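Asker: Here is the input, now give the coordinates:
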Amino acid sequence: MKLKPLHDKVLIAKTAEDEKTEGGIIIPDTVDKERSQEGKVVAVGRGKVLEDGSIKKPDVKKGDKVVFGKYGGAEIGIEGVEYIILREDEILAVID
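Answerer: Numbering: from 1, shown residues only. Predicted coordinates:
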């Protein structure tokens, strides 16, 4: 299945959450885990339509590793993979 975001939307594959803490403690599935705030850009829309009708191209591109806000976007699951769709302005940074 192909999913193409519209306008200024970005499709991000969420980074898998750690099952262990840095100290080596295993986190059971029954514990409410914090939502991951990192992911990899899978697809990008054409860009934001400005008031004059022109299109501002996105600053992020496919393959970028990004950090986004904790509560933004819409989570979806496709073929067992967790994705999030959000507006480009909800992305906080690109990780090099």
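Asker: Only C-alpha atoms from now on, for both contacts and neighbour counts.
Answerer: OK.
Asker: Assess the claim that G45 and I55 are in contact.
Answerer: No - the criterion here is CA atoms under 8 Å, and G45 misses it with I55 at 10.9 Å.
Asker: Compare those two and say which is more crowded by neighbours.
Answerer: When G45 and I55 are compared for neighbours, G45 comes out ahead with 18 against 14, by other CA atoms under 10 Å.
Asker: Would you list the strands that the lowest-mean-pLDDT helix or strand in the chain pairs with, along with their directions?
Answerer: Of all the helices and strands that make up the chain, the one with the lowest confidence by mean pLDDT, DSSP states H and E is strand 74-78; it has a mean of 88. For strand 74-78, the paired strands and their directions (DSSP bridges) read strand 81-87 (antiparallel).
Asker: Check which residues of stretch 51-62 are buried.
Answerer: Of the residues in stretch 51-62, those buried under the neighbour-count criterion (16 or more other CA atoms under 10 Å) are 58, 60.
Asker: In PDB, list the C-alpha atoms belonging to that stretch.
Answerer: Only the C-alpha atoms of stretch 51-62 are listed here, as PDB (Å, rounded to 0.1, in the frame of the first residue of the first chain):
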ATOM      1  CA  GLU A  51      -2.300  32.900   0.600                       C
ATOM      2  CA  ASP A  52      -1.200  34.100  -2.900                       C
ATOM      3  CA  GLY A  53      -1.700  30.500  -4.200                       C
ATOM      4  CA  SER A  54       2.000  29.700  -4.500                       C
ATOM      5  CA  ILE A  55       3.400  26.500  -2.800                       C
ATOM      6  CA  LYS A  56       6.200  26.600  -0.200                       C
ATOM      7  CA  LYS A  57       8.300  23.400  -0.700                       C
ATOM      8  CA  PRO A  58       8.800  21.300   2.500                       C
ATOM      9  CA  ASP A  59      12.100  21.700   4.400                       C
ATOM     10  CA  VAL A  60      12.200  18.000   5.200                       C
ATOM     11  CA  LYS A  61      12.700  15.100   2.700                       C
ATOM     12  CA  LYS A  62      12.300  11.400   2.600                       C
END
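Asker: 785 is where my numbering starts, stick with that
Answerer: Sure thing, new numbering starts at 785, so read that last one as stretch 835-846.
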